[in-house]
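1. This is the structure alone, sequence omitted:
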């Protein structure tokens, strides 16, 4: 079992992927060309390529799940609070 965990950890480290994390806050900026959003805590997140940009606005409260991929926070799931 320890060998399997060590192998998975090494694989994730080599691919630049780490364990999923989450964040929440209000969107303060949307960059449609870079496909990113910035939250009120200053953190910037990359949206998935198929994301409908019309679903969000500056000021929207969101809860996101993301993976750290090659130094960038890549959104894997997002809930828009209403």
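-> Ah, there it is. Treat the numbers as computed from the prediction; the structure is a model and nothing was measured. Numbering: from 1, shown residues only.
2. Chain neighbours aside, what residue packs nearest to residue 30?
-> The shortest distance from residue 30 to any non-neighbouring residue, by C-beta to C-beta, 6 or more residues apart in numbering, is to residue 37 (5.4 Å). For every residue, glycine as well, the C-beta is placed using N, CA and C.
3. What residues does the one you found make contact with?
-> Residue 37 sits next to 27, 29-31, 44-45, 47, 56, 62 when contact means C-beta atoms under 8 Å, 6 or more residues apart in numbering.
4. Mind picking the two most distant members of these?
-> Spanning the widest gap among the contacts of residue 37 are 31 and 62, at 15.2 Å by C-beta to C-beta.
5. Those two: who's more crowded?
-> residue 62 (18 against 12; other C-beta atoms under 10 Å).
6. Secondary structure class of the more buried one, three-state.
-> strand (DSSP: H, G, I helix; E, B strand; the rest coil).
7. unless I'm mixing things up, it is touching residue 25, no?
-> Yes - between residue 62 and residue 25 there is a contact at 7.0 Å, judged by C-beta atoms under 8 Å.
8. between those two, what contacts are shared?
-> Joint contacts of residue 62 and residue 25 (C-beta under 8 Å, 6+ apart) are residue 39.
9. Name the residues that touch the host helix or strand of residue 67?
-> Using DSSP states H and E, residue 67 maps to strand 61-69. With contacts defined as C-beta under 8 Å, 6+ apart, strand 61-69 is touched by 16-27, 37, 39, 45, 56, 73-81.
10. Quick one: name whatever helix or strand follows the lowest-mean-pLDDT helix or strand in the chain.
-> Using mean pLDDT, DSSP states H and E, the weakest-scoring helix or strand in the chain turns out to be helix 2-15, at a mean of 47. Next along the chain after helix 2-15, taking DSSP H and E as the criterion, comes strand 21-31.
11. After that following strand, which helix or strand is next?
-> That would be, after strand 21-31 and using DSSP H and E, strand 36-39.
12. Just the buried positions in the very next helix or strand once past that following strand, please.
-> Using DSSP H and E, the next helix or strand after strand 36-39 towards the C-terminus is strand 44-46. For strand 44-46, burial by neighbour count (16 or more other C-beta atoms under 10 Å) applies to 45-46.
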